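Enquirer: Take this sequence and fold it.
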Amino acid sequence: QVQLVESGGGLVQAGGSLRLSCAASGRTFSNYAMGWFRQAPGKEREFVGIIRRSDSRTIYADSVKGRFTISRDNAKNTVYLQMNSLKPEDTAVYYCAARILGIGGSYYDAASYDYWGQGTQVTVSS
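Expert: Residues are numbered from 1 along each chain as shown. So this is what the prediction gives:
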């Protein structure tokens, strides 16, 4: 079992920045990849990015590439999502997720993630 708790969401003006954190517990953190997803009202959950367990390589959705950065601190069992140059269309509930088995789809498929946090709201005003 893995427990994930996100924090750091809030209200920010367009062009601003926020850093989300996701604290993990329950299993060896360094043994699994961590992803970030988001879900806006009336829309499906959308892949934001992933950081691999082995080499911390990151992959991002085109919509956030160059603006968002994912990092992880294995000593603190925490993954971060640094969001810069925020836009109103970034408004959503943001979720972190642990990808342990990696089955059920590719890394950008929510179904391939095994554990999820409760989500944190990010609202970007224009």
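Enquirer: Without its sequence neighbours, what residue ends up closest to the most centrally placed residue in the chain?
Expert: What sits nearest the mean C-alpha location of the chain, by Cα atoms, centre = their mean, is residue 36, with 2.0 Å. Using Cβ to Cβ, 6 or more residues apart in numbering and skipping the chain neighbours, the partner closest in space to residue 36 is residue 48 (4.1 Å). (Glycine included, C-beta is placed from N, CA and C.)
Enquirer: Near the one you found, how many other residues are there?
Expert: Residues near residue 48, counting by other Cβ atoms under 10 Å, number 24.
Enquirer: now do residue 78
Expert: 18.
Enquirer: Likewise for residue 35?
Expert: By the criterion of other Cβ under 10 Å, residue 35 has 26 neighbours.
Enquirer: Show me what the closest residue to it other than its chain neighbours is bridged to.
Expert: Using Cβ to Cβ, 6+ apart and skipping residues adjacent in sequence, the residue nearest residue 35 is residue 50, 4.2 Å away. According to DSSP bridges, the residues that bridge with residue 50 are residue 35, residue 59.
Enquirer: Quick one: the helices in this structure, in order.
Expert: Counting by DSSP state H, the chain forms no helices at all.
Enquirer: And the strands in it?
Expert: Taking DSSP state E to define them, one finds strands in the chain at 3-7, 10-13, 18-25, 33-39, 46-51, 58-60, 68-73, 78-83, 92-99, 115-116, 120-125.
Enquirer: For residue 108, which of the ones you listed is the nearest?
Expert: strand 46-51 (4.0 Å; Cβ to Cβ).
Enquirer: Next one, pLDDT for residue 47 please.
Expert: Reading off the per-residue confidence, residue 47 sits at a pLDDT of 98.
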